[in-house]
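Participant: kindly generate the corresponding structure for this input.
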Amino acid sequence: TLDGMHRADSHRSGAQEARDIAVEEAFAGGFGAYRLKDELEDEYDKENDAQRINPAFPIVDADQRVFFDPNSKRYDKKDARYAFVLTAVARECFEEDHPEAAVSWPEGVRRINWDMFTPDMVLKCEYYERQERDEDLIILSHGISGDEQRHWAEEFDEDELAEAKVLGWTAKTVKRKRCRVRKFTMTGAEVLSDDGFIAGRSIPIVPIYFRRWYVDNVERFRGYVSKKMDPQRLYNSKVAKLAETDALAPREVPIFDPDQVPGKIGEMWANQNIERFPYLLAKALRNEDGSIAHMGPVGTVSPPTLPPVTSALLQIASGDLSEDDQEPDEVRANTSADAMDIAATRVDARSSVPLDNVKKSTQREGEIYLEMAEDVYFEEGREVETMSEDGDDGTAILKQPMTDDSGRFMIANDFNAGAYKVIADVTEDTATRRDKTVRAAINIADIALKAADTEMAQACIITAVYNSDGEGIDDLRRFARNRGLSIGLFEPNEEEAEQAEQAAQ
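Facilitator: Purely as a prediction, here's the structure:
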């Protein structure tokens, strides 16, 4: 249920855009980030107070806008006690909301190059602080049923406690540690608002790094771009030199005696690049007796040749820039599948650390989402949206009473009960995995037919058809599933089980 709700919330809020921005900034510059936030399900519906979680809200220029507690050493900043997020707002918009508080938060970022024009912005700061303290925990126990309930004292008023005691519950109070996150909004001069405690127990900021180290007890990171800067500068300078040389002397220039190009003939040679004459004229040099002494130009000015050093530097710089630009998915002519697989393996090895970092960040997002879900999705009987991995919509009921197959009564979809583990995995796209499944099933079917195993071949063909995708194939997939159900290849869902039972009756 949590997995489906996370997908539905991501689709609803356009969270993939924030993840793309963070990953792009991390891969290019070394660091990116996004945050989670809770918001009203429909802010224009005055009757609806339900909230939803936005799993990824964008933070742009994260390397200059996000600052964590310097004592936090973990990659995911789970151990950070506080964090700052700076948000740039146009001054006119900021002054409309806070006319007397338009003092920008100081950036404190040293820059060497500045843009010639930047909009007039005000930086406001959102400050998150994790607060751990001892609080009273009320433990309710029922003598007959043996059930137990736990409530924080500040969230369980005296009337509720008195009603519980009337219903047969006994209460005791113990001290327990509780971690909560408080949020403040500030400018460079004052605290604009105390936004109180937010949902969850963690600072809702997800960092993403490309490469990360600690040197001299200072966190340092770099992106893909930094290592390419020197080869790119060298390449640009040599290409600029070639363009300059080509512009100054693009072709051979003939040298004539002044007597060979008099008057209009000289004008023809001067304008031949513009007029594109079909032919040009030049007088021959003659001896005193009138015989021709020399025809054509007396010499030429040749264009400069490319120096060997410049050629070598261009090759080195070009090789350095294109070394990591090989596309493992690009099909090359006269290249075996094994060779392409080896190339893909090499690319995967080079990108394993960045991909693993994205995986850890995605897992951290899931952990924060789970903590926030305990506070946001708590209403008994509330219907929430879910989404499957293939994009199919669904619904779930929160805190739904039900009886399992053994007859035991239980409450389903209660995120405050039990423990959960968040696992993130890096997989191929769903369509890619289906294509591989189809190819594998067809290959196995071919082998099964050669081995005279018709039952296995039929199951493989049904699997291939069921996992195929294309225009107008839905009826064929439905037919393949029905046949797979008949031979026991697929497990029937509730609707199919009911239809089978009715048909048997």
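Participant: residue ranges with poor pLDDT in the stretch 351-500 of the chain?
Facilitator: Residue ranges of the stretch 351-500 of the chain with pLDDT under 70: 428-431.
Participant: hey, where'd the strands end up in it?
Facilitator: 383-387, 393-397, 400-403, 409-412 (DSSP state E, counting those that start in this stretch).
Participant: His98 is nearest to which of these?
Facilitator: Comparing the strands of the stretch 351-500 of the chain by their distance to His98 (CB to CB), the top pick is strand 383-387, with 35.7 Å. From N, CA and C alone the C-beta is placed, and that goes for glycine too.
Participant: for the closest one, output the C-alpha coordinates as PDB.
Facilitator: The C-alpha trace of strand 383-387 is given here as PDB (Å, rounded to 0.1, in the frame of the first residue of the first chain):
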ATOM      1  CA  GLU A 383      -9.700   6.200   0.900                       C
ATOM      2  CA  VAL A 384      -6.300   6.900  -0.700                       C
ATOM      3  CA  GLU A 385      -5.000   6.600  -4.200                       C
ATOM      4  CA  THR A 386      -2.500   4.000  -5.200                       C
ATOM      5  CA  MET A 387      -0.600   3.300  -8.400                       C
END
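Participant: quick one, it and strand 393-397 angle?
Facilitator: For strand 383-387 against strand 393-397, the angle by axes from the mean of the first three to the mean of the last three CA atoms, to 10 degrees is 140 degrees.
Participant: what comes up buried for strand 383-387?
Facilitator: 384-387 (16 or more other CB atoms under 10 Å).
Participant: gap between Asp9 and Val301?
Facilitator: Distance, Asp9 to Val301, using CB to CB, to the nearest Å: 71 Å.
Participant: who's more crowded, the two?
Facilitator: Neighbours were counted for Asp9 and for Val301 using other CB atoms under 10 Å; Asp9 has more, 24 against 12.
Participant: quick one: residues in contact with the one helix or strand that one maps to.
Facilitator: Asp9 belongs to helix 2-13 when assigned by DSSP states H and E. By CB atoms under 8 Å, 6 or more residues apart in numbering, the list of residues contacting helix 2-13 from outside reads 15-16, 52-57, 366, 369-370, 373, 377, 384-389, 393-394, 396, 415, 420.
Participant: next, count neighbours for Asp136.
Facilitator: 14.
Participant: and it, bridged to which residues?
Facilitator: Assessed by DSSP bridges, Asp136 has beta-bridge partners Lys175.
Participant: wait, isn't it in contact with Thr173?
Facilitator: Yes: between Asp136 and Thr173 there is a contact under CB atoms under 8 Å: 5.2 Å.
Participant: spell out which residues are contacts of both of these two.
Facilitator: With CB under 8 Å, 6+ apart, Asp136 and Thr173 have common neighbours Ala153.
Participant: what sits against Pro70?
Facilitator: Counting by CB under 8 Å, 6+ apart, Pro70 has contacts Glu219.
Participant: so it: helix, strand or coil?
Facilitator: Under DSSP: H, G, I helix; E, B strand; the rest coil, Pro70 falls in the coil class.
Participant: list phi and psi for it.
Facilitator: For Pro70, the backbone dihedrals (degrees, to the nearest 10) come out as phi -70, psi -10.
Participant: find the nearest non-adjacent residue to Asp356, please.
Facilitator: Val426 (8.0 Å; CB to CB, 6 or more residues apart in numbering).
Participant: can you map out the helices along the chain?
Facilitator: 2-13, 15-29, 62-65, 91-97, 158-166, 224-248, 263-275, 308-322, 337-350, 352-376, 430-450, 454-466, 474-486, 494-504 (DSSP state H).
Participant: next, format the ones you listed as a markdown table and append distance to Glu41.
Facilitator: Shown next, in a markdown table, are the helices of the chain (distance: least, CB to CB, whole Å):
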| stretch | distance to Glu41 |
| --- | --- |
| helix 2-13 | 9 |
| helix 15-29 | 16 |
| helix 62-65 | 28 |
| helix 91-97 | 24 |
| helix 158-166 | 26 |
| helix 224-248 | 39 |
| helix 263-275 | 70 |
| helix 308-322 | 49 |
| helix 337-350 | 41 |
| helix 352-376 | 10 |
| helix 430-450 | 28 |
| helix 454-466 | 36 |
| helix 474-486 | 32 |
| helix 494-504 | 28 |
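Participant: who wins for proximity to Arg74 among those helices?
Facilitator: helix 352-376 (9.5 Å).
Participant: next, the angle strand 383-387 makes with the closest one.
Facilitator: Using the same axes, to 10 degrees: helix 352-376 against strand 383-387 is 170 degrees.
Participant: what is helix 352-376 packed up against?
Facilitator: helix 2-13, helix 15-29, strand 31-40, strand 51-59, strand 205-209, strand 211-215 (3 or more CB pairs under 8 Å, 6 or more residues apart in numbering; DSSP states H and E).
Participant: report the buried residues of it.
Facilitator: Buried residues in helix 352-376 (16+ other CB under 10 Å): 354, 357-358, 360-376.
Participant: stretch 251-268 now?
Facilitator: 256, 260-261, 268.
Participant: how far away from the center of its chain is it?
Facilitator: On the basis of CA atoms, centre = their mean, to the nearest Å, stretch 251-268 sits 64 Å off its chain's mean C-alpha point.
Participant: please name the nearest non-neighbouring residue to Cys460.
Facilitator: Distances taken as CB to CB, 6+ apart put Ala445 closest to Cys460, at 3.7 Å, once the chain neighbours are dropped.
Participant: I'd say that neighbour and Ala457 touch.
Facilitator: Yes: taking contacts as CB under 8 Å, Ala445 lies within contact range of Ala457: 4.6 Å.
Participant: do you know the pLDDT at Glu95?
Facilitator: On pLDDT, Glu95 comes in at 85.
Participant: residue contacts, it?
Facilitator: Neighbours of Glu95 in contact, by CB under 8 Å, 6+ apart: Ala102.
Participant: ok, it to Val85 distance?
Facilitator: Counting by CB to CB - Glu95 and Val85 are separated by 21 Å.
Participant: one more: Pro307?
Facilitator: Distance from Pro307 to Val85, by CB to CB: 52 Å.
Participant: for the two, indicate the residue with more neighbours.
Facilitator: Val85 (20 against 11).
Participant: what is the burial count for the closest residue to that one other than its chain neighbours?
Facilitator: Distances taken as CB to CB, 6+ apart place Glu126 nearest to Val85, at 4.6 Å, with adjacent residues excluded. Per other CB under 10 Å, the neighbour tally for Glu126 reads 19.
Participant: now the residue nearest to Asp356, what are its backbone angles?
Facilitator: phi -100, psi 110.
Participant: begin at 137 from here
Facilitator: Sounds good: first residue 137 from here, last item Val562.
Participant: isn't it up against Leu491?
Facilitator: Yes: using CB under 8 Å, Val562 is in contact with Leu491, at 5.8 Å.
Participant: hmm, back to that, need the buried residues of stretch 387-404 in JSON lines (columns: pLDDT).
Facilitator: Output for the buried residues of stretch 387-404, formatted as JSON lines (pLDDT from 0 to 100):
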{"residue": "Phe392", "pLDDT": "88"}
{"residue": "Gln396", "pLDDT": "87"}
{"residue": "Val397", "pLDDT": "87"}
{"residue": "Met404", "pLDDT": "88"}
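Participant: tell me who's in contact with the nearest residue to Ala325 once chain neighbours are set aside.
Facilitator: Excluding the flanking residues, the one nearest Ala325 by CB to CB, 6+ apart is Val239, at 4.0 Å. Val239 sits next to 258, 323-326 when contact means CB under 8 Å, 6+ apart.
Participant: highest neighbour count among those residues?
Facilitator: Within the contacts of Val239, most neighbours by other CB under 10 Å means Val258, with 21 neighbours.
Participant: wait, that one touches Glu228, no?
Facilitator: No: counting by CB under 8 Å, Val258 stays clear of Glu228, with 9.5 Å between them.
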